[in-house]
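Novice: The following block contains a protein sequence and its predicted model.
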Amino acid sequence: MAKSTNTNSPSQDQLDAVLEETLPNTLLKIKAEQEVAGIKTLCDRIYYVHQLAKEKVSAEEILILSTSKESLASIDLQLGAKCSNIQKIKKVTFTELITESLSQHFKNWTILKEEKIKEIINILGDKVEIPYSKLKGSIQQLSAVTVKSLKHMNEHEIMVRYGLERETALQVKKIVDNVFYVPYSQVIEESTKIPLFFTDLSKYKVICVANFQNLREEEAKFLTKLGVGRHITILSNDSTKAKPRLFEKNWKLMSTVYKEGSFKEVHVNGNYTAEDLASHENHSEKDTSLIDQILKNKVSSSNVEELVEVMLKVLSNKRANLPFLQMISLIPGFDNVFLGKFCKLISSEKSCVFDFLIKYQDSLSNKTKAKILPILKYLNKIENKLDKSNANSIMIHMLNLCRAVGVDTQATEEMKKQFVELHIWLKFLQNNEELRISDDLIECYISNGTFKSKPVNSQFSQFKEGKPIEATMDFKFPVSITMKKLLGSRDGKSAGLKIEDTPLRRSNSGRYKSRPCSWHAGAIVNAAKKLK
């Protein structure tokens, strides 16, 4: 079929993709040059089938499959603004669907990737004391046996089949009865042999598959069996085919299963369906603007001034998008490419980044979740505990937040020194009411810019500019700080007071109390650990 021309209105192919009937035993393939365009078209189709078609399909009769949780999260976002019954539409990965269905029949079925078999061999070897060579052969043979047949084997049959002693055979039988380890590819193959497996999925009339280009051969075969008596719509992003030969093989398999005239292929370009075209362009501008802001204001963990400002802004308002994303950019492994994709993902969500992550945390990959969840949990935890008028409280929570992000605040002596200076500045503001614009020390610090010489805004002019602190401090990390001179005020006059540096301690009331004694830089970190 000819490719669509690039116009401002929906092409005929796009309309065909959205309005195609969902007859049983039919297949529709949507080819997309852009991932966003493909997902939008797929979601428009789901919306049409569910809400507008003559023969509507209920949400409980639609199944959305994908090879990744990220693409499911994108689909969830796009559908969220369209379908009120979005939560009723089943959205799972292939692995989750197969595991969920098998668990209804077998309690102890564990999916195992091929490369993990050697690891399991070693674990079992320690338990049953079987020679490695024999155990390796046994595992390979066991992996080719269904659970049903294995459960019917007694120790004598195991002895004969695997050439083991009776005592060893009993041990193997006991272990295998508890958990049955098989590779993922074989789980798919074996699951299709279970009579009731597809019966459990019979309620679905329409099946939508995203990321078809990343399907394994076993998953494609599974899909052909699952599609019997149902309509299937598959979405393929041709520009990101990971394995072209496998993709062509899978598509050939799918197209040969369906009779001529029962499958259709539609090409979708960068234009979207009617009502979403304008909104998508607005979102694209918003995405570009946000990612540009992040790249222009990139924060380095080695620049304490920038780091402190970002962390304080997040503590002050975790729902401000730019500081929150700047903080995320500090996480090791989150490069510009990741941030760009992330900004596109949140573009269609009206809520802030923090709320977005809370809402869709289960859709994040395990790797991303492991890095972001500790930050979300900590910010939620301290929501009512952070005392912005108390320097100790601010320092404790900021250092804990740095640790959650993965920033080492004690990486160098210079960095430790600057964090100590920050704490002294906050204490100085706390103890000098005439120099503050409010009781919010974070607001005072950010507004004036303690590391800067002038206020950034004239409205904060009452925070007067004057000569810097005149004091000599001897730093003996991690022992103590000795103040050798009185501090001058910001207006140049003598303050006539001495700041007492105190360790961090909590009273029964939850407030921080002073305890005059020698204070050292490690006290903040140690106190922070106790609070977690």
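Specialist: Okay, I see it.
Novice: ranges for the strands of this protein?
Specialist: All strands of the chain, identified by DSSP state E, fall at 26-32, 62-66, 90-93, 109-112, 180-183, 206-209, 231-237, 263-268, 473-476, 480-483.
Novice: pLDDT (mean, whole number) over the fourth one?
Specialist: For strand 109-112, the mean per-residue pLDDT is 49.
Novice: now the last one
Specialist: Strand 480-483 shows a mean pLDDT of 40.
Novice: Ala320 reaches Cys352, doesn't it?
Specialist: Yes. With contact defined as Cβ atoms under 8 Å, Ala320 counts as touching Cys352 (7.5 Å). Where C-beta positions appear, they are placed from N, C-alpha and C, glycine not excepted.
Novice: Ignoring the adjacent residues along the chain, who's closest to Lys367?
Specialist: Gly333 (7.8 Å; Cβ to Cβ, 6 or more residues apart in numbering).
Novice: got it, and Ser66?
Specialist: Ala210 (4.1 Å).
Novice: pLDDT at that neighbour, what is it?
Specialist: For Ala210, the predicted pLDDT is 89.
Novice: Touching, it and Ile39? I think so.
Specialist: Yes. Between Ala210 and Ile39 there is a contact at 7.0 Å, judged by Cβ under 8 Å.
Novice: ok, the two, which is more surrounded?
Specialist: More crowded of Ala210 and Ile39, by other Cβ atoms under 10 Å: Ala210, with 29 against 23.
Novice: then stretch 247-265 to CSV, C-alphas only?
Specialist: This file holds the C-alpha atoms of stretch 247-265, laid out as CSV (Å, rounded to 0.1, in the frame of the first residue of the first chain):
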residue,chain,number,x,y,z
PHE,A,247,11.0,-9.3,12.4
GLU,A,248,10.5,-10.4,8.8
LYS,A,249,10.2,-14.0,9.8
ASN,A,250,7.6,-13.2,12.5
TRP,A,251,5.6,-11.1,10.1
LYS,A,252,5.7,-13.8,7.5
LEU,A,253,4.5,-16.3,10.1
MET,A,254,1.6,-14.0,11.1
SER,A,255,0.5,-13.2,7.5
THR,A,256,0.6,-16.8,6.4
VAL,A,257,-1.7,-17.9,9.2
TYR,A,258,-4.5,-15.6,8.0
LYS,A,259,-6.2,-16.2,4.7
GLU,A,260,-5.9,-13.7,1.8
GLY,A,261,-8.2,-10.8,2.4
SER,A,262,-8.3,-11.3,6.2
PHE,A,263,-5.3,-9.2,7.0
LYS,A,264,-4.4,-5.6,6.1
GLU,A,265,-1.3,-3.5,6.3
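Novice: per-domain residue ranges of the chain.
Specialist: Domain segmentation of the chain under automatic domain parsing yields 12-101+195-272, 109-191, 279-381, 391-531.
Novice: Now do the contacts for Ile207.
Specialist: Ile207 is in contact with 62-65, 223, 226-227, 230-233, counting by Cβ atoms under 8 Å, 6 or more residues apart in numbering.
Novice: Farthest-apart pair in those residues, please.
Specialist: Farthest apart among the contacts of Ile207 by Cβ to Cβ are Ile62 and Leu223. That separation is 15.6 Å.
Novice: Where does the prediction get shaky in the stretch 151-300 of the chain?
Specialist: Within the stretch 151-300 of the chain, the segments meeting pLDDT under 70 span 151-153, 158, 161-164, 172-187, 190-200, 238-244, 259-261, 269-297.
Novice: how about stretch 402-419 as PDB, C-alpha atoms only?
Specialist: What follows is stretch 402-419, C-alpha atoms only, in PDB (Å, rounded to 0.1, in the frame of the first residue of the first chain):
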ATOM      1  CA  CYS A 402      21.700  13.800  48.000                       C
ATOM      2  CA  ARG A 403      22.300  10.200  49.200                       C
ATOM      3  CA  ALA A 404      19.100   9.000  47.600                       C
ATOM      4  CA  VAL A 405      20.000  10.600  44.300                       C
ATOM      5  CA  GLY A 406      23.500   9.000  44.500                       C
ATOM      6  CA  VAL A 407      25.600  12.200  45.100                       C
ATOM      7  CA  ASP A 408      28.500  11.700  47.500                       C
ATOM      8  CA  THR A 409      28.600  14.900  49.600                       C
ATOM      9  CA  GLN A 410      31.900  13.900  51.100                       C
ATOM     10  CA  ALA A 411      33.700  13.000  47.900                       C
ATOM     11  CA  THR A 412      36.400  15.700  48.500                       C
ATOM     12  CA  GLU A 413      37.600  17.800  51.300                       C
ATOM     13  CA  GLU A 414      36.600  20.900  49.400                       C
ATOM     14  CA  MET A 415      33.100  19.600  49.000                       C
ATOM     15  CA  LYS A 416      32.800  18.800  52.700                       C
ATOM     16  CA  LYS A 417      34.100  22.300  53.500                       C
ATOM     17  CA  GLN A 418      31.400  24.000  51.300                       C
ATOM     18  CA  PHE A 419      28.600  22.000  52.900                       C
END
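Novice: Make 355 the starting number, not 1.
Specialist: In the new count, where the first residue is 355, that last one comes out as stretch 756-773.
Novice: Do I have it right that Asn754 meets Tyr732?
Specialist: Yes. Contact status for Asn754 versus Tyr732: in contact at 6.3 Å, counting by Cβ under 8 Å.
Novice: quick one, which of the two is more surrounded?
Specialist: Counted by other Cβ under 10 Å, Asn754 and Tyr732 do not tie: Asn754 has more neighbours, with 20 against 17.
Novice: And the more buried one, how close does it get to Ser743?
Specialist: When distance is defined by Cβ to Cβ, to the nearest Å, Asn754 is 19 Å away from Ser743.
Novice: Could you do Leu776 as well?
Specialist: As defined by Cβ to Cβ, Leu776 lies at a distance of 16 Å from Ser743.
Novice: Between those two, tell me which one has more neighbours.
Specialist: Legend: neighbour count by other Cβ under 10 Å for Leu776 and Ser743, higher for Leu776 (21 against 15).
Novice: Can you check what pLDDT the model gives Ala413?
Specialist: Per-residue pLDDT puts Ala413 at 86.
Novice: which non-adjacent residue is nearest it?
Specialist: Using Cβ to Cβ, 6+ apart, the nearest residue to Ala413 is Lys442, at 3.7 Å.
Novice: wouldn't that neighbour be in contact with Glu414 here?
Specialist: Yes. The pair Lys442 / Glu414 is scored as a contact, 5.8 Å apart, by Cβ under 8 Å.
Novice: What about Ser616, how many residues nearby?
Specialist: Around Ser616 there are 14 other residues, counting by other Cβ under 10 Å.
Novice: meant to ask about Glu543, not that
Specialist: For Glu543, the neighbour count with other Cβ under 10 Å is 16.
Novice: That one and Lys672: what is the separation?
Specialist: Using Cβ to Cβ, one obtains 47 Å as the distance from Glu543 to Lys672.
Novice: can you check Met665 too?
Specialist: As defined by Cβ to Cβ, Met665 lies at a distance of 11 Å from Lys672.
Novice: Can you pick out the residue with more neighbours from those two?
Specialist: Legend: neighbour count by other Cβ under 10 Å for Met665 and Lys672, higher for Met665 (25 against 21).
Novice: Once you drop chain neighbours, what's closest to that one?
Specialist: The shortest distance from Met665 to any non-neighbouring residue, by Cβ to Cβ, 6+ apart, is to Met752 (5.1 Å).
Novice: swap in Cys397?
Specialist: Gln432 (4.0 Å).
Novice: Look at that neighbour and report its pLDDT.
Specialist: On pLDDT, Gln432 comes in at 78.
Novice: Same question for Cys437.
Specialist: pLDDT recorded at Cys437 is 64.
Novice: Repeat that for Leu840.
Specialist: pLDDT, read off for Leu840, is 42.
Novice: cool, and the one 10 residues further on?
Specialist: pLDDT, Gly850: 40.
Novice: Kindly report the same for Gly491.
Specialist: Note on Gly491: pLDDT of 48.
Novice: Over to Lys698?
Specialist: For Lys698, the pLDDT comes out at 65.
Novice: Quick check: of the contacts of Ile561, which lies closest to Met608?
Specialist: Using Cβ to Cβ, these come closest to Met608 at Leu577, 7.1 Å.
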